[in-house]
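>>> Need coordinates for the below:
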Amino acid sequence: MPPDNVRLTAGGDAVVILDQSLLPNEIRYFEIYAPEDLFKAISSLQVRGAPAVGIFAAYAIYVIMRRSRAEAFDDFLAEFLQYARKLNSARPTAVNLSKMLGRMETLVRSRADLPVSETLDDMRREAEAIQNEDIAMCRAISEHGLTLVPDGAGILTHCNAGPLATSSYGTALGPILLGRERGADFRVFACETRPLLQGARLTAYELMRAGVDVTLICDNMASAVMKDGKIDAVFVGCDRVARNGDAANKIGTSGVAVLAKHYGIPFYVFCPSSTVDFSCRTGADIEIEQRDPSEITELFFEKPIAPRGVRCYNPAFDVTDSSLITAIVTEKGICRAPYTESLRILKE
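Sure thing, here's the model as predicted:
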């Protein structure tokens, strides 16, 4: 998978993305520069995955502010905050979005005495640093994850947490891809992950391109493959972790965790340390994004599959209780229960 699924143009006037909404049938790159289109790229999942969204947001706010005509710092800051709030509202659950925008805001505020042109130069360098840190983070997570499973292990995945969701190996798929490079032969079962099918469209696509042994299953087949002894571990990504270890990930993850607990299978959550939100005491404090009902009733189908007007409930994420999580794997190390203690040490 190319490492430039999110990048800045050479001139810095637009963000280039690989449109994930078109995969696996079409590989198309887009240059985006208009504020409304940058917002739409996040909300419509053209760019997705918590780390990738954070990187994209940092580049996006820089691209937007390049067009600002403000000369005074206060005017520049006010405009920055207006657009940052808009971008941040695109997807409320993934903490990387707000954290990376917050990081860019901190930088801007610290440049109050500098000309706007110099502030813009620093914004570009900061956004590029965020992406470079993500590349190093993915490698470190992958190294840690490889210590958790033996060669030949059967691994179940849910949603997509590979290179498309980051800038490099990915988080939950990182150990699998790094292991493949080193000759490991993992057997992966990828849940399709309804309703947006990130497992079928993205995870299967990435793993097949890397030569990994991958089998696609419907979400409701997870129990069957676990019961048959095909699964030795579950690897999932994460969009936000509360300080007690509760983890929000793509809808259906908590159900997979319950099944893994029942069958005695270790359940591992992979995420950068920036995904841990210490302002959230528990998972109950995590805002869950609600999405358009059409994703359930008609998206990816030639005709609607449900009666017109039926009431739908379409949360994008659910929260897995920390008691179901065997370990949380970050670039800084592997955290185990009690998570209030291990995550605090991680932060320090």
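
>>> shaky segments in the protein?
Applying pLDDT under 70 to the chain flags residues 1-3.

>>> okay, now the domains of it?
Here the domain parsing of the chain from automatic domain parsing is 6-138, 150-347.

>>> ok, what's across the strand from C191?
I217 (DSSP bridges).

>>> residues in contact with it?
Contacts for C191 (Cβ atoms under 8 Å, 6 or more residues apart in numbering) come out as L156, T157, H158, C159, G199, I217, C218, D219, M221, A222, G252, V256. For the C-beta atoms, the positions are set from N, CA and C on the backbone; glycine is no exception.

>>> If we use 10 Å, what do you get?
By Cβ atoms under 10 Å, 6 or more residues apart in numbering, the residues touching C191 are 156-159, 197-200, 203, 216-222, 225, 234, 236, 250, 252-253, 255-256.

>>> Y313 reaches I296, doesn't it?
Yes: using Cβ atoms under 10 Å, Y313 makes contact with I296 at a distance of 8.5 Å.

>>> Among these two, which residue is more densely surrounded?
Ranked by neighbour count (other Cβ atoms under 10 Å), Y313 and I296 place I296 first, with 17 against 7.

>>> what distance separates the helix or strand hosting that one from the centre of its chain?
For I296, the host element (DSSP states H and E) is helix 294-297. Helix 294-297 sits 22 Å away from the centroid of its parent chain (Cα atoms, centre = their mean, to the nearest Å).

>>> so after that helix, what's the next helix or strand?
Helix 294-297 is succeeded, C-terminally, by strand 317-320 (DSSP H and E).

>>> Could you list the paired strands of whatever helix or strand comes next after that following strand along with their orientation?
Using DSSP H and E, the helix or strand that follows strand 317-320 towards the C-terminus is strand 327-330. Counting by DSSP bridges, the strands paired with strand 327-330 are strand 267-270 (parallel), strand 333-335 (antiparallel).

>>> Deepest in the core, which of these is it.
Most buried of the strands paired with strand 327-330 by mean neighbour count (mean count of other Cβ atoms under 10 Å) is strand 267-270; its value is a mean of 26.

>>> Send me it as PDB with only the CA atoms.
Taking Å, rounded to 0.1, in the frame of the first residue of the first chain, the C-alpha atoms of strand 267-270 are listed here in PDB:
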ATOM      1  CA  PHE A 267      -8.500  -9.700  22.600                       C
ATOM      2  CA  TYR A 268      -6.000  -6.900  21.800                       C
ATOM      3  CA  VAL A 269      -6.600  -3.300  21.100                       C
ATOM      4  CA  PHE A 270      -4.000  -1.400  19.000                       C
END
